[in-house]
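> quick one, fold the following:
(one chain, ligands or ions: 2)
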Amino acid sequence: MIDPGDLIPWRIARRWRCVRCGWCCCNYDIPVTFEDEERLKKFGDVLWRGKIGVYLKKIDGKCIFYNDGECLIYEDRPTACRRYPFYIRRQGDDLAKFGDVYIYLDKNCRGIGKGKRIEDVLNELLNTANQKSMEKSFIS
Ligand code: SF4
Ligand code: SF4
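Ligands and ions are numbered 1, 2, ... in the order given. Here you go, the predicted structure:
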């Protein structure tokens, strides 16, 4: 689970691109939604149930699907992986405001400061988040 102190507003991050370093796959417990769980059933016994949620199993501290820099289930990866390192809130500070929501990034992501302007990334991301199936889990 991310430490709230690690979240920075999108205006500070400025640019972002996934550089496929695998840091997020090796350092977090990855939560899965009910919809993710249904989609992941075909991979067998890959989940564990905690007190407050369901997560992907890990091997040697890394996600069970992480293999030498690659995600073995990229097309089926959980919602949390698709939206990382972005966290969208209904409330926040001015530097995080983006339209009707407030957007933060995990400062630990190695792709911050690289790639596309965050504004462009965010427009793509919010279009996806607005799809009914994503909305509930994406905005908190
Ligand atoms: S930490 Fe950031 S750059 Fe590295 S794999 Fe995760 S999303 Fe991509
Ligand atoms: S499912 Fe794929 S993207 Fe998500 S943590 Fe595991 S290896 Fe990384």
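> same for the helix or strand containing Leu105, what does it pack against?
In this structure, Leu105 sits in strand 101-106 according to DSSP states H and E. Strand 101-106 is packed against strand 7-9, helix 10-13, strand 86-89, helix 118-129, with contacts defined by 3 or more Cβ pairs under 8 Å, 6 or more residues apart in numbering; DSSP states H and E. Any C-beta I mention is one placed from the backbone N, CA and C, and that applies to glycine too.
> tell me which of those sits nearest to Pro31.
strand 86-89 (12.7 Å; Cβ to Cβ).
> name the helices or strands packed onto the helix or strand that that closest one is followed by?
Beyond strand 86-89 on the C-terminal side, the first helix or strand identified by DSSP H and E is strand 97-98. Where contact means 3+ Cβ pairs under 8 Å, 6+ apart, strand 97-98 is packed against helix 118-129.
> in the helix it packs on, what counts as buried?
Neighbour-count burial for helix 118-129 flags Ile118, Val121, Leu122, Leu125, Leu126, Ala129 (criterion: 16 or more other Cβ atoms under 10 Å).
> so which of the helices and strands packed on strand 101-106 comes closest to ligand 2?
Across those, ligand 2 has its closest neighbour in strand 86-89 (14.1 Å, Cβ to the nearest ligand atom).
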